Each structure stands twice: as structure tokens, then as C-alpha cells.
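Enquirer: here's a sequence, model it:
(one chain, ligands or ions: 2)
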Amino acid sequence: MIANRGEIAVRIIRACREFGIKTVAVHSTADAEAMHARLADESVCIGPPAPRESYLNIPAIIAAGEITNANAIHPGYGFLSESADFATIVEEHGFIFIGPSPSHITLMGDKIRAKQTAAELGLPVIPGSASALENADSFAQAADDIGYPVLIKAVAGGGGRGMKRVDSREELVTAVATARAEADAAFGNDALYLEKLVAAPRHIEVQVLADQFGNAVHLGERDCSLQRRHQKVLEEAPSPALDPHQRAEIGARASAAVRELGYRGVGTLEFLYEDGAFYFMEMNTRIQIRVAAGEPLALNQEDVRFEGHAIECRITAEDPDTFRPSPGTVSGYHTPGGPGVRIDSALYDGYRIPPYYDSLISKVIAQAGSRTACVMRLRRALEEYVIQGVSTTIPLHLRLLASTAFAESAYDIHWFERFVTETG
Ligand SMILES: Nc1ncc2cc(-c3cccc4ccccc34)c(N3CC[C@@H](N)C3)nc2n1
Ligand SMILES: [Ca+2]
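Expert: Ligands and ions are numbered 1, 2, ... in the order given. Coordinates of the predicted model:
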């Protein structure tokens, strides 16, 4: 059973069908005609459109698993995928949770413990306070030790929420008070800590694969620096910023850390990268169906080859200049094709994009022998893609691919937000 919707639910259903695994979809009343509900072997309505009454409604999701006799629940990403409570309840009800263990989710949800664990595993971490800080004096002392500018972060935070940049001693007290109130409101936990600000980094995600027999390999990295308000806009592999030596080095450290952690499954280790230095940020983990079935890895690091280039554009149903959401009926739909082009989407001709959920509607992925060829192929695919009836960010992606900064891969995590402001 897939406790999710949209393109990720479609992708999971496709993977299951190729293994001959029966699938159950859950959907809100707004998603009764959605593709994931149609593709699955069975589909169960779990409530009204509001996420807290449907895709975040744990009792309704568990009940759907019970009445369909599901034996495993896959959370996808977002929604309940990083909720330790959900993972625990799923396992308590006798379902396999196809995701990280509740203890791993809890560990990675506590940003201080996650950093301590990463450091113990030999990963480079961002200089900062070893624990949460209480009063203004301890913040002032820690900030003087670290050196301004510093970043105040919520221990229970993540995804960019609850971070506050502080450039001088004068701003510190107010910033701490504001950050504490925001953390309490957002996470019900006002614990804060301090880190040295990494001013203009790239965001690099290293993919690792491990089985429970102690084998772990890394599958290279994705550069996810092009983002807006913590939503990825475009991802590419390999990162244009890394040379083969750096790739091998950070990959080896990531797979060694996962091996040491005794972790099994597919995992992503997120790093900030600046001036040749990596800094561990967080670890996202998934369990692949095969590894969940307990099969040993069929490959070792020497078998892993890095060839060519791949770029993924994440298309949203938003106005390409104002980013105002643009739900509505897809009145005409034609997907690009040809060699090296993949479309991951739940759209179809006549589909009604609901206003209740996040605006990602499609991922266009191009692969080619070089970055230049990949950009040409991706542009051709985006120009071929027809989505009528709603606004999409396809024009913005074409502008991004045509920009000099992109061609020269001269961008950091902040560049895209400036680019849309200047050229919007
Ligand atoms: N010490 C220090 N310096 C700079 C940082 C910059 C970010 C950050 C800030 C803004 C956008 C980002 C996009 C991708 C990755 C990181 C960011 C950051 N994040 C964003 C979400 C959360 N994973 C941590 N932490 C940082 N920490
Ligand atoms: Ca993450």
C-alpha cells in the first residue's frame, strides 16, 4: 500500500508491478480520478482533500491497510515519510514499513544527534555548538568561539525551517528570541543550536546502497543547488563542481559511514560543499523493496561506472514569473519522447490538478554522453512538452538552461532565487 499520491505514488506502483507485487492506493476525495488511484490494483478513499484529514490521517491509512490486507506500507516522500510515530504505528499493526526504522527517523530528526553520529562515523560536519544552547550568554560565547556570521538552527528543525542568520553580536539576543518562538510554534520544541554559516555552498547529495550483510556502495552524487524556498528546481549528476578524485573521496566516506551504521537500503547523504570542503547536513533513507526482502547487493564498488550526464527538471503547476499556484484541468497533454528522455508524472489529458497539494506535476529527466549534449536534449524535450489548461514553470526552466551561469555551472544554493527575481 502506498501512503502517498502524485508522481511518487505512480513510480512506486510501476516498480511494484514490474516485480509482480499487487498494489493498493489510498486517495482523498479530491484524488478519486488521480492516476495513482487508477493504476493500482485496489484503491481506498481515506478522507477529504485536506492533508491532515487524508494523507496525514494515520488512523484512516492504517484502516485502509487492514481492510485491503496489505502486508507493507510505503510512505513515499513528504507527508508521513519522516514521521517516527507513523513508522512505529505501521509496524505495531503488523505491516512492513518500507522506509527507515523508527529509531533511524528519530535519530535523523534530532539535528544535534544526527551531527554527532555523522562525526562519529568520520563524516565532516559544520563547525558549531556541540549541544543545544540555553541562555543569551551561552549563545554569545559560542558565537564568539565560532566567529560571525553564524546560523541559529532548531534541533527539531529541518527542510530550512527555523534557521536564523546572525551577522553580529548586537543582533544575537533578538535573533535567539525570535528563533526560539518560531521553533516552538513550528515543531513544539524550542531547542536551538549554533553553526558557522557556510555562506555560498552547493548542495550535493550522495546516493548509497547497502545490504544487511555489511556491503555498501556509493552511486555517485547529484548536485541539487538550484532550489527555491527549499524546493528543488533542477538536479544534475554528476555535479559539475566535483572532479573524479573528490567524487571518489566523498563517496567512499559516505559508504563507509553507512556500512559502519549497519544500515541497509537506499540512502542519501546530503552535504554542503564550498571551496573544496564537504559538510554533512542530513541523511535521508529509504528501503528498496529488494533489500527489504533481504537480498544481498549484486554489485561492488568496482562495478559502479559513472558515464555521461543526467539532468532532472522539476516542473510545477505555477505561474513561471509569479510562482502563483495554477491548479485546474489539463485540457491538452503530450509528452516528449526520443532517446534519453524520461517523464515521471501523474498527469493525463483531462486530469484535474487539485489546489490542495504541492505543485510538482512532472519531472523531465534527460541523459546523454556529456553535459552539453544533455542540455540540448533536455531543451528539446521541454520544448516538445505540451501541458495545456494550466500555467507551468517550463518557460522558466528553458530560461534557466539558456543562462550563462547555468552553462558555466557558476551557481550556489542562493543563485536561483536571485535569478528569478532579476529576470522574472
Ligand atoms: N551552517 C549552515 N550554513 C549554511 C546552510 C545553508 C542551508 C540552506 C539554506 C538555504 C537553501 C538551502 C538549499 C539546500 C541546502 C541547504 C540550504 C542549510 N540548510 C537548509 C535546510 C537544512 N537541511 C539546512 N543549512 C546551512 N547550515
Ligand atoms: Ca532532506
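
Enquirer: quick check: I315 touching T392?
Expert: Yes: taking contacts as CB atoms under 8 Å, I315 lies within contact range of T392: 5.5 Å. Yep, even glycine has a C-beta here, placed from its N, CA and C like the rest.

Enquirer: overlap in contacts, these two.
Expert: Shared contacts of I315 and T392, defined by CB atoms under 8 Å, 6 or more residues apart in numbering, are found at I361.

Enquirer: beta partners for the residue nearest to A241 when sequence neighbours are not counted?
Expert: If the residues on either side of it in the chain are set aside, A241 comes closest to R202, at 5.5 Å by CB to CB, 6 or more residues apart in numbering. With DSSP bridges applied, R202 shows beta-bridge pairing to Y273.

Enquirer: what does the chain put close to ligand 1?
Expert: 126, 151, 159-160, 195-198, 203, 227, 230, 272, 281-282, 413 (CB under 6 Å from any ligand atom).

Enquirer: chain neighbours aside, what residue packs nearest to the residue nearest the centre of the chain?
Expert: The chain has Y77 as the residue nearest its centroid, 7.3 Å off, counting by CA atoms, centre = their mean. Spatially, and ignoring its direct neighbours in sequence, Y77 is nearest to I8 (5.8 Å; CB to CB, 6+ apart).

Enquirer: quick revisit: ok, of the residues of the chain next to ligand 1, which come out buried?
Expert: Using 16 or more other CB atoms under 10 Å as the burial test, the residues of the chain next to ligand 1 include 126, 151, 195-198, 203, 227, 272, 281-282, 413 as buried.

Enquirer: in strands only, show me these.
Expert: With strands identified by DSSP state E, the entries of these that belong to them are 151, 195-196, 203, 227, 272, 281-282.

Enquirer: state the distance from K196 to R17.
Expert: K196 sits at a distance of 48 Å from R17 (criterion: CB to CB, to the nearest Å).

Enquirer: to clarify, my last question referred to E7.
Expert: With the distance defined as CB to CB, E7 ends up 16 Å from R17.

Enquirer: pick out whichever of the two has more residues nearby.
Expert: Using other CB atoms under 10 Å as the criterion, E7 and R17 rank with E7 on top: 21 against 14.

Enquirer: go ahead and confirm the more buried one touches S345.
Expert: Yes: look at E7 against S345 with CB under 8 Å: they come within range, at 5.4 Å.

Enquirer: check contacts around the residue in the stretch 251-400 of the chain that ligand 1 sits nearest to.
Expert: Ranked by CB to the nearest ligand atom, the top residue of the stretch 251-400 of the chain for proximity to ligand 1 is M281, at 4.8 Å. M281 makes contact with 126, 203, 270-272, according to CB under 8 Å, 6+ apart.

Enquirer: the residue nearest to it when sequence neighbours are not counted: what secondary structure?
Expert: Leaving out its chain neighbours, the residue that sits closest to M281 by CB to CB, 6+ apart is E270, at 4.4 Å. For E270, the reduced secondary structure class is strand; criterion used: DSSP: H, G, I helix; E, B strand; the rest coil.

Enquirer: just I73 next, same as before
Expert: Criterion first, three-state DSSP; result for I73: strand.

Enquirer: quickly note the distance from it to T106.
Expert: When I73 is compared with T106 (using CB to CB), they lie 18 Å apart.

Enquirer: point out where the protein drops to low pLDDT.
Expert: Low-confidence segments of the chain (pLDDT under 70): 286-293, 424.
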